[in-house]
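J.: next come a sequence and a model predicted from it.
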Amino acid sequence: MAITPEQIFAVADELVEEGKKPTLSNVRKIIGSGSFTTISDAMTEWRENQKEILQPIRETPPDAISSRVNSLSSEIWTIAVKMANSRLNSEREALNNDRTELEATRREAVELADEMSDELDTLKAQYHQAIEDGKQKAALLASLQTENHDLTKQLDASVMKVETIQTRMDDLKADSDARINDLKTELAHAHNEAKSQREQLAEANKLAGDSREAAARLAGELEALKAQYAHLMQ
């Protein structure tokens with residue numbers, strides 16, 4: 001909501017009553033908003049209203065002066081009044097020149113203040129945005145840290161599981177190696193027994209061959225005896 005000149009006048013009056021100088025900055029602090037240009041224009045009007053209007057001196061000589069300087073004529077008084085008015089006009093002209101320069105300076109200052117106010121508002125907006133971005137990044141970082149913590153726990157669990165599997169594999173390998181060694185021993189023993197059995201079989205075959213040869217020889221001798229016996233019986 002735009003501020004009104006009446007609001008600015010009221011704040012300026014309040015500052016004066018409190019014995020404080022009604023500067024643009026003090027007025028804006030109390031109002032809390034508004035451009036320096038608006039406040040400056042209203043304050044210029046307020047100062048004009050507060051300023052006593054200089055009027056030419058047109059008073060007649062006081063009675064006290066008339067009684068004490070009755071030797072002086074009214075013409076001297078008129079000359080004095082004209083001199084005072086002339087001096088007043090000179091001072092008024094100088095004051096107007098000073099006021100013009102001051103107004104130009106004030107206008108430049110007001111424009112600069114408005115620019116600085118806009119820049120300040122922009123910086124404030126950027127600051128608040130940076131704060132908001134920082135909060136979002138902090139929240140994201142916290143989320144990533146939590147996720148990293150969970151992943152670390154999962155990794156530790158996986159490592160423990162792998163170690164357990166590796167231990168089991170080592171145990172199985174040890175059992176397998178022991179079993180293979182036992183099987184090799186049994187196979188060597190069986191091979192030795194088979195070799196021994198082959199040797200025994202070969203020896204038995206040899207004995208059987210010798211027995212057959214002996215049986216054949218005895219059979220031949222028996223036939224020869226039978227033939228001799230038959231011849232004797234004739």
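T.: Ah, there it is.
J.: now do the biggest helix by length in the chain: distance to the chain's middle.
T.: Using DSSP state H to define each element, the chain has its longest helix at helix 74-232. Relative to the chain's own centre, helix 74-232 is displaced by 23 Å; criterion: CA atoms, centre = their mean, to the nearest Å.
J.: Lys20 in helix, strand or coil?
T.: Following DSSP: H, G, I helix; E, B strand; the rest coil, Lys20 is assigned to coil.
J.: just give the number of residues close to the nearest residue to it once chain neighbours are set aside.
T.: Distances taken as CB to CB, 6 or more residues apart in numbering place Asn26 nearest to Lys20, at 6.3 Å, with adjacent residues excluded. Bear in mind the C-beta positions are built from the backbone N, C-alpha and C, glycine included. For Asn26, the count of nearby residues is 15 (other CB atoms under 10 Å).
J.: give me the element Asn26 is part of.
T.: Under the criterion of DSSP states H and E, Asn26 resides in helix 24-31.
J.: not counting that helix itself, show me its contacts.
T.: By CB atoms under 8 Å, 6 or more residues apart in numbering, the list of residues contacting helix 24-31 from outside reads 3, 7-8, 11-12, 14-15, 20, 34, 36, 39-40, 43, 110, 113.
J.: now the next helix or strand after it, how far from the chain's geometric center?
T.: Sequence-wise, the next helix or strand downstream of helix 24-31 (DSSP H and E) is helix 36-50. Averaging C-alpha positions (CA atoms, centre = their mean) puts helix 36-50 47 Å from its chain's average.
J.: lowest-pLDDT helix or strand in this protein?
T.: Among the helices and strands of the chain, helix 63-68 carries the lowest confidence by mean pLDDT, DSSP states H and E, at a mean of 64.
J.: quick check, central residue of this protein?
T.: With distances taken as CA atoms, centre = their mean, Lys137 lies nearest the centre of the chain, 2.6 Å away.
J.: for that one, give its distance to Ala130.
T.: Remark: distance between Lys137 and Ala130 (CB to CB, to the nearest Å) = 10 Å.
J.: what of Leu15?
T.: Distance from Leu15 to Ala130, by CB to CB: 35 Å.
J.: between the two, which is the more surrounded one?
T.: Taking neighbours as other CB under 10 Å, Leu15 and Ala130 compare with Leu15 leading, 16 against 10.
J.: wait, that one sits on Ile8?
T.: No: using CB atoms under 8 Å as the test, Leu15 is too far from Ile8 to be in contact (10.7 Å).
J.: tell me who's in contact with the closest residue to Ile8 other than its chain neighbours.
T.: Using CB to CB, 6+ apart and skipping residues adjacent in sequence, the residue nearest Ile8 is Ala42, 3.9 Å away. Applying CB under 8 Å, 6+ apart, we find Ala42 in contact with 5, 8-9.
J.: quick check, nearest of these to Arg212?
T.: For these, the residue nearest Arg212 by CB to CB is Ile8; the value is 147.8 Å.
J.: tell me what angle the helix or strand the closest one falls within forms with helix 24-31.
T.: Remark: Ile8 resides in helix 5-17, with elements defined by DSSP H and E. Using axes from the mean of the first three to the mean of the last three CA atoms, to 10 degrees, the direction of helix 5-17 lies 110 degrees away from that of helix 24-31.
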